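Chemist: I'd like to go over a predicted model; first the sequence, then the structure.
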Amino acid sequence: MILAAIAGVLPDHWQEVYGYRPLLLETFVEIARFKGTCYKAANWVYLGQTKGRGKLGPAAKQSVPIKDLWVYPLDRRFRETLTR
């Protein structure tokens, strides 16, 4: 319920503050600690796993926990808009 409520109000708030509407919500779930069940139940889309390298980690070497990547589309035409 909380995820749905946030997804419902966030685009308008973001528009007010930053001047544009987000097309997707994105989250990372640490697989060693959580299963992402609430995202699955809320119809988020599972995209895969990170490599565990992090932004500043050494190339080809795991330096942070591996996480699942989930997204939630906020706009039906998000693919069209993102691939222009």
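Modeler: Received, thanks.
Chemist: Show me the residue at the heart of the protein, geometrically.
Modeler: By Cα atoms, centre = their mean, the chain has its centre lying nearest to residue 26, at 1.2 Å.
Chemist: For beta bridges, what are the partners of it?
Modeler: Assessed by DSSP bridges, residue 26 has beta-bridge partners residue 71.
Chemist: just checking, it touches residue 70?
Modeler: Yes. Counting by Cβ atoms under 8 Å, residue 26 does reach residue 70; the two are 7.3 Å apart. Just so you know, the C-beta spots here come from the backbone N, C-alpha and C atoms, and that holds for glycine as well.
Chemist: Okay, the residue nearest to the centre of the chain and residue 39: tell me how far apart.
Modeler: 11 Å (Cβ to Cβ, to the nearest Å).
Chemist: before we move on, what about residue 9?
Modeler: Taking Cβ to Cβ, one finds residue 9 at 18 Å from residue 39.
Chemist: Looking at those two, which one has more neighbours?
Modeler: residue 39 (20 against 9; other Cβ atoms under 10 Å).
Chemist: intersection of neighbour lists for residue 26 and residue 39?
Modeler: By Cβ atoms under 8 Å, 6 or more residues apart in numbering, residue 26 and residue 39 have these common neighbours: 70, 72.
Chemist: Show me what the lengthiest helix in the chain packs onto, helices and strands only.
Modeler: For the chain, the longest helix by residue count, based on DSSP state H, is helix 2-18. Helices and strands touching helix 2-18, by 3 or more Cβ pairs under 8 Å, 6 or more residues apart in numbering; DSSP states H and E, are strand 24-30.
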